[in-house]
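**Q** sequence first, then the predicted structure:
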Amino acid sequence: MKLVYVVLDGASDGFSVSARALELSHKPSIDSLASHCLCGLMHPVGPGVAPESDVAVLSLLGYEPDRYYTGRGPLEALGAGVHFSDGWLALRANFATVDPVSLRIVDRRVGRGLSSWEARELARALDGLKLGGGRAEASFKATISHRGVLVIRHLDHRLSAMISNTDPAYERRGFISIALPSYEPYVRKAEPLVDAFEARLSAELVNEFTVKAVEVLEEHPVNKARERSGKLKANAVLLRDAGDRRPPTEPIEERFGLKFTCIAEMPVEVGIARALGMKVAEVNVEEAKSRRELLELEARLTVRELEGSDAVYVHLKGPDEPGHDGDLEGKIKAIEDIDKYYFKTLLDKLNLEETLVIVTSDHSTPWSLKAHSEDPVPVMLSNPKLPEKKRSFNETECKQGTLGVIEAGYKLLPIAIKTMKTL
């Protein structure tokens, strides 16, 4: 018996809206799996938590965040191939558009219009910046579109992750950042969260980087060209989710007795997979000519990788971005594309009798909220031998499922493995 574990990034809308993308979308392939399943709802991290994808994915892969999560920054660095050692500082970065004098944020993501080529050129200007009187150095790498990762190392001192975010949209609570429903649109100064020299030094270095980044980026030729074309400048960097050490995880194969492969588009999921000792089948988003081509490739990769693995974890982007943009129709289309191009291709090639398929989300992103919410997400285990017969995979149908409400995502894989043993 094999396992295919598919996470639809931000596909759920929770229960605070009356119009939900999963319920309104035409998705015959996903819904066909619901005709023989076990289903329910699940809190990806825990009740009352509106998680980011990284901590949610770590939880969904069976690792308790309280024990294993050390911040998003180290995972981003690991996924992007940026050298990182314990005692250094790693942070998730967003290129943003700000007023260079007041640091008022015009757009946190440069209108989602920054190409990866432009981001790489801007990143080169930031990489190697000297900080702290020359005793510290910044390594900066652009990843996809407006996203990037920053690593700061100090020659004389260890650094501490116990600092606040400069991105005002996310608030640190321990190592976890929570998306805020509203915030003042200004770049924040990093503040130490504990009374310790290492935290104060880390906050000072992050704030120095923030100021220097605006100075460098404002006059950069890429931004001058964007300005002449009437486009938003990528003239600032917002930082969040600091970490100062790699996650202390036991390999997933030892934990669950299954050989895993991960198929993912984004560095943070790749970083998690590498941290857990999973084989990574990386997908180059930029090489795909269309979303259809990318999704069909990911489906073929799933089938291919399943031959040499016991389980394949697949993280599919798409629904989350229109959720953040308040675009219900865009979210519906993203789900329908996944159904038409990924799931149809997958199910045409998969031996369902010998496979357990999990479908769920890493968090809810209600289009009306334009942010992650604390709502539980629908979850479905599918195999022809399973007893539940649902018309569709969505929040309302799964709410009536026999799995009930799973209180934390790390409890899902043990349920799935127990189910596989009965099939």
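**A** That came through, no problem.
**Q** from the chain's centre, how far out does stretch 149-160 sit?
**A** Averaging C-alpha coordinates over stretch 149-160 and over its chain gives two centres that are 24 Å apart (CA atoms, centre = their mean, to the nearest Å).
**Q** can you give me the buried ones in that stretch?
**A** Residues 149-154, 157-160 are the ones in stretch 149-160 that count as buried (16 or more other CB atoms under 10 Å). Every residue, glycine included, has its C-beta placed from N, CA and C.
**Q** most widely separated two among those residues?
**A** Between all members of the buried residues of stretch 149-160, the longest pairwise span (CB to CB) is found for 149 and 157 and amounts to 21.2 Å.
**Q** let me know the closest of the buried residues of stretch 149-160 to residue 362.
**A** Residue 362 has its nearest neighbour among these in residue 149, at 19.5 Å by CB to CB.
**Q** contacting residues around residue 161?
**A** Residue 161 makes contact with 70-71, 73, 89, 175, 202, 242-245 under the criterion CB atoms under 8 Å, 6 or more residues apart in numbering.
**Q** switch the cut-off to 6 Å
**A** Taking CB atoms under 6 Å, 6 or more residues apart in numbering as the contact definition, residue 161 lies against 71, 242-244.
**Q** now do residue 20
**A** 13, 395.
**Q** quick one, grab the pLDDT at it.
**A** Residue 20 is assigned a predicted lDDT (pLDDT) of 97.
**Q** one more: residue 289?
**A** Confidence per residue is given as pLDDT, and for residue 289 that number is 86.
**Q** swap in the one 3 residues further on?
**A** pLDDT recorded at residue 292 is 96.
**Q** list the buried residues in stretch 64-75.
**A** In stretch 64-75, residues buried by neighbour count (16+ other CB under 10 Å) are 65, 68-75.
**Q** CSV for those, including distance to residue 275 and pLDDT?
**A** Putting the buried residues of stretch 64-75 into CSV (distance: CB to CB, whole Å; pLDDT from 0 to 100) gives the following:
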residue, distance to residue 275, pLDDT
65, 13, 91
68, 9, 91
69, 10, 90
70, 9, 89
71, 12, 89
72, 12, 92
73, 13, 95
74, 8, 95
75, 7, 94
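**Q** for the residues you listed, which one is nearest residue 331?
**A** Taking CB to CB as the measure, residue 331 lies nearest residue 72 of these, at 23.6 Å.
**Q** over to the closest one: give its phi and psi.
**A** When read as degrees, to the nearest 10, the backbone of residue 72 gives phi -70, psi -30.
**Q** so who does it touch?
**A** For residue 72, the set of contacting residues under the criterion of CB under 6 Å, 6+ apart consists of 54, 92, 241.
**Q** closest to residue 181 among the buried residues of stretch 64-75?
**A** Relative to residue 181, the closest of these is residue 72; by CB to CB it sits at 20.1 Å.
**Q** quick revisit: name the member of the contacts of residue 161 with the most neighbours.
**A** Of all the contacts of residue 161, the most densely surrounded is residue 242 (33 neighbours; neighbours counted as other CB atoms under 10 Å).
**Q** quick one: strands adjacent to the helix or strand hosting it?
**A** With elements delineated by DSSP states H and E, residue 242 resides in strand 236-243, which encompasses its position. Note on strand 236-243: by DSSP bridges, its sheet partners are strand 89-98 (antiparallel).
**Q** check which element follows the strand it pairs with along the chain.
**A** Beyond strand 89-98 in the direction of the C-terminus, DSSP H and E gives the next helix or strand as strand 105-107.
**Q** taking strand 236-243 as reference, get the angle to the helix ranked longest in the chain.
**A** Using DSSP state H, we find that the single longest helix of the chain is helix 197-218. With axes from the mean of the first three to the mean of the last three CA atoms, to 10 degrees as the basis, helix 197-218 and strand 236-243 are set at 150 degrees to each other.
**Q** one step back: just the mean pLDDT for the next helix or strand after the strand holding residue 242, thanks.
**A** In the C-terminal direction, the helix or strand that comes right after strand 236-243 (DSSP H and E) is helix 252-256. Summarised as a single mean, pLDDT over helix 252-256 is 96.
**Q** buried stuff in helix 252-256?
**A** Neighbour count says helix 252-256 has 252-253, 255-256 buried, by 16+ other CB under 10 Å.
**Q** SS state for residue 149?
**A** Here residue 149 is strand, with the state taken from DSSP: H, G, I helix; E, B strand; the rest coil.
**Q** pull the number of nearby residues for the spatially closest residue to it that is not a sequence neighbour.
**A** Distances taken as CB to CB, 6 or more residues apart in numbering put residue 76 closest to residue 149, at 4.1 Å, once the chain neighbours are dropped. Neighbourhood size, residue 76 [other CB under 10 Å]: 31.
**Q** and residue 76, that's in a helix?
**A** Yes: in this structure, residue 76 lies within a helix as judged by three-state DSSP.
**Q** and it, how far is that from residue 46?
**A** The spacing between residue 76 and residue 46, counted by CB to CB, to the nearest Å, is 23 Å.
**Q** and if you look at residue 123?
**A** As for residue 123, its distance to residue 46 is 35 Å (criterion: CB to CB).
**Q** try residue 314
**A** Taking CB to CB as the measure, residue 314 and residue 46 are separated by 24 Å.
**Q** ok, residue 294 next?
**A** Look at residue 294 and residue 46: by CB to CB, they are 32 Å apart.
**Q** ok, now which ones touch residue 75?
**A** If you count contacts by CB under 6 Å, 6+ apart, residue 75 has them with 54, 268, 271-272.
**Q** so which strand or helix has the nearest residue to it once chain neighbours are set aside?
**A** What sits nearest to residue 75 in space, not counting adjacent residues and going by CB to CB, 6+ apart, is residue 271, at 3.8 Å. Assigned by DSSP H and E, residue 271 belongs to helix 267-275.
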